[in-house]
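J.: can't give you the sequence, but here's the structure:
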């Protein structure tokens, strides 16, 4: 299906809605991961502030002085303006930040891009639930934040303009503490993938490579005389006189590629996951989320 | 195999296409199926993965069989198999084919020709020559036709062009011809109308000795009926219908009373059981009787099934003038009384003052009894009215004897001559026999007319042709003269019996009727007939199917003296004949005294066969239908194989183009082949197009085309006429009626025209088209020149309208630009245009002949005057004589706000 139609069909609002429901579904099923059930979607989307004061460096709130507060915490500027002594609270701890990237190439294969977008947003919702922040990998400054606005801007950024192509990924400077989650189909030759990703992966000890694939790419159900084409290179045609005869050789190649990717990720402490439309979206999201939780534990 | 014995293929060479079927299957097996095209992100992984094995077509064998069968059906259908219903004739010797083409065959003509076709095919199969003999002479010929022995195939085209004739056959003459022309060594086949004519027994005895003689006749129920008005039982005014079929057969006949436009005025149905029937209409109202033109037998289509009544369809509109109301004079009222009594059955009469009558529309005759003066403007109006074709009938009287300011036929003397008085020598005068030049010639002088007074013409100035009636002493009594396109008739006595007893006689009525008859074509009254005899010319004739048509120029006129004895023949077909208001109707039915079926000739009944309507069964349509049905089944199977049921939507989106192709294809399959032509026609109707006739000379054609294209551009630039394109027409095949004018270069090497093309041209010119004939050089445009003679021979058989040289005031010269000449490459004033002599004022030319090479000048693009001439041509073709309409010019200008 041409990609223009899929984007039109699911307007940005629709993607977001579907992502939120998907996340909701996922949270329902794995209760352990989310502390309590959200009362409404807005709550899920992270509009309710539930963080506590702590040792962190980030400002959280002003409040009147209470017995037991250290004088170091008094905000003298605020206190000087009024009668009460005002204390400046800081956040308890530094939240984890996850940065998402979707390969712009996927845009040509509408379904893959749509799914990537969906998983990104669902994961973001779940991450926000966990008091962590999300951001996208982009050229300009991109503050990691929480909340519906963040989701909106992520969605807007990822679906429309300024995505970072695969080759430029190494040029983007990303704070070391951030965890990267990269969505692509990763069907490029393994050498070029290694070349492009190595700088990023060396900087960041943790991350996930998510391969978004189609089931026919993994199973090769074709028979008879079939001519294949790439999305990128339209002029090049692979003429297969009898598709079923090459099936096994093809599957072998695919398997090799995937295992190479897996070992490459592992070497750098990353994870490699494949999601395809052979499984349901919920299932795929759960896999990704589990992977994420696993990663978080490792970071701590 | 008995079933297949009658099966023949009309296009047997098409069967060779069967050889291609195995080849096609082989090709299908060898050629790989069309590949599926898949876009796959992982296509890169297929690099270097190739297979040696090729996929062959996976069409199941039964589908292949189905398709082969469809192909076989189509090939068979185009080979056009036909099955004969009748058994072929055993022909061994050259064939003499006698076809009865007399009036009685019209009813069954298609059966006759179908049978003739199958006989010719038999002859062809046996490699025999055929001689064709026709019983009825062709139009304009004396004797029946016997053709020389010829190849059946060429004879077939002749027979296809043949039709039945609306007269009787001359079998007797044919028998004589045959007795000297044919010998024993022939097989004789006679396709009979089923009825006998006068000479049929003679013809039968001539051919009955041939053992091989076979006579085909139509079924009894298909034999024609005959209607005549010669009812022998006295006192009955019905119509006699006769038939030749056995009296046991029960038939229903419907008698129709039709007017000029074939509208049925009344009808009556009869059950027919004997051999003859007298039929009548139940309600015979006067009006219907007056309007009826013919009596027709419904469902019959022969010349003998129509009885022409020979009445003038429309009554002339006659105005009788009375004096102004103030000075009522008994003379006028008396005249009016006698005139009205005499004319009422034959005319629509209105009375009034001359002034009011002249402003009546459609007035064809104006009668002025003893009116001698009119106001000047009335007089002008009267003269204009006569010039336009009015008929003025004047009577003398005391007033006109004193002073006469109105137009007269010949110069008149003042005063009147009195007869029978005390001091006169002569007592009474009566009329002499009418001379042959008079339209009254032939009227019977039953009563002696006593004249007391009458007016006198100046004898020295009256020409013989202007005197239509004389008194015994040679003094003119009725004078007439032409004025413009109208007629003035002067009767030198009163319209009432005050001066004579003429108004009391039958002759008064006869003469008035004759005068009324002249009103339709007043100028004809002075056309001289040849040999001093009056010849009645065919006006409308019946064709073989009983339709009234215009006569062919091959038909002859006959003299009045013959009119009671003449019978319908190939020279004088049944129809209406007329001259100077005299009418004669020839009805075929009246000459057919008794009709007998041909079986009464006796002889061996085995010799007679029945003509079948459709001698062949055509297998082409059913085969094509079968192929089409199978084709649809094939498609359904294909759709199923493509897993249509999975997702109709995906299929539709993916195969939208193929599907629409399929729909178009199947639509084409059903649509008649003419749809393309029709779409062209619609284009021709909706937009204006310039057109020229293809001459076959590519140089001339390109000249016409480029000339008209230049003209088209100029028209678009300068006028509101925007021609869509320039169209070249083939005079033989194309439809002409969409084009307002057609340009035609005629050179002496132009191909001769077919009869069809001539008829087409004739109807185009008659129905408002304009043909501009360019003979290429001015020298060609004069009678006697090679080109003109050639052009006239080219159009031989076309009734060309009369031509006149284009005068200074011809609308062509001012239809757009004011031109002093019609410029082309030459500027000769020698350009001729047709006109309508009966309607001089309003006639629009249908034919313009010149030699100024207009298209050549247009093509050059630099000749301004020629371009203007071209624009004038176009405007004239589109607006006709609009510019000549000076009568309405003030109003037109007023409307234009000037």
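T.: Looks like it came in fine. These numbers come from a predicted model, not from an experiment.
J.: Residue B:70: neighbour count?
T.: Close neighbours of residue B:70, defined as other CB atoms under 10 Å in any protein chain shown, add up to 18. Every residue, glycine included, has its C-beta placed from N, CA and C.
J.: Residue B:629 is in contact with that one, correct?
T.: No. Residue B:70 is beyond contact range of residue B:629, at 9.3 Å (criterion: CB atoms under 8 Å).
J.: Low-confidence ranges, chain A, go.
T.: Applying pLDDT under 70 to chain A picks out residues A:1-13, A:29-60, A:90-95, A:140-144, A:161-162, A:299-300.
J.: Would you map the helices across it?
T.: A:3-9, A:12-29, A:41-44, A:76-81, A:110-129, A:147-159, A:190-203, A:215-219, A:243-267, A:281-299 (DSSP state H).
J.: ok, and which of those helices has the densest surroundings?
T.: helix A:110-129 (a mean of 24; mean count of other CB atoms under 10 Å in any protein chain shown).
J.: what distance separates that one from the centre of its chain?
T.: Put simply, helix A:110-129 sits 7 Å off its chain's centre (CA atoms, centre = their mean, to the nearest Å).
J.: on contacts alone, who are the packing partners of the helix or strand containing residue B:692?
T.: Assigned by DSSP states H and E, residue B:692 belongs to strand B:689-693. Here strand B:689-693 touches helix B:698-718, strand B:725-729, strand B:741-745, going by 3 or more CB pairs under 8 Å, 6 or more residues apart in numbering or on different chains; DSSP states H and E.
J.: Tell me the strands beside that strand, with direction?
T.: Paired neighbours of strand B:689-693 in the sheet (DSSP bridges): strand B:725-729 (parallel), strand B:741-745 (parallel).
J.: which of the ones you listed is buried the deepest?
T.: Sort the strands paired with strand B:689-693 by mean neighbour count, taking mean count of other CB under 10 Å, and strand B:741-745 sits at the top with a mean of 24.
J.: just checking, next helix/strand downstream of that strand?
T.: On the C-terminal side of strand B:741-745, the closest following helix or strand by DSSP H and E is helix B:755-766.
J.: who does that following helix touch, helix- and strand-wise?
T.: Packing partners of helix B:755-766 (3+ CB pairs under 8 Å, 6+ apart): strand B:770-774.
J.: Check what contacts the strand it packs on and list those residues.
T.: B:740-746, B:761, B:764-765, B:791, B:824, B:844-855, B:873, B:876-877 (CB atoms under 8 Å, 6 or more residues apart in numbering or on different chains).
J.: can you check stretch A:189-201 too?
T.: Contacts for stretch A:189-201 (CB under 8 Å, 6+ apart): A:166-167, A:169-170, A:174, A:180, A:182, A:186, A:207, A:209, A:257, A:260-261, A:264-265, A:268-270, B:44.
J.: Pull out the buried residues from the host helix or strand of residue B:873.
T.: Using DSSP H and E, residue B:873 sits within helix B:864-879. Across helix B:864-879, burial judged by 16 or more other CB atoms under 10 Å in any protein chain shown covers B:865-879.
J.: same deal with stretch B:804-812?
T.: Neighbour-count burial for stretch B:804-812 [16+ other CB under 10 Å]: B:806, B:810-812.
J.: From start to finish, how long is it in a straight line?
T.: One end of stretch B:804-812 sits 13 Å from the other (CA to CA, to the nearest Å).
J.: what's the nearest residue to residue A:157 if we skip its chain neighbours?
T.: Excluding the flanking residues, the one nearest residue A:157 by CB to CB, 6 or more residues apart in numbering or on different chains is residue A:136, at 5.3 Å.
J.: now residue B:201, nearest residue through space, not along the chain?
T.: When the adjacent residues along the chain are set aside, residue B:201 lies closest to residue B:601, with 6.3 Å between them (CB to CB, 6+ apart).
J.: Now do the one you found against residue B:24, distance only.
T.: 60 Å (CB to CB, to the nearest Å).
J.: now residue B:480
T.: Distance from residue B:480 to residue B:24, by CB to CB: 86 Å.
J.: same thing with residue B:322?
T.: Residue B:322 is 94 Å from residue B:24, by CB to CB.
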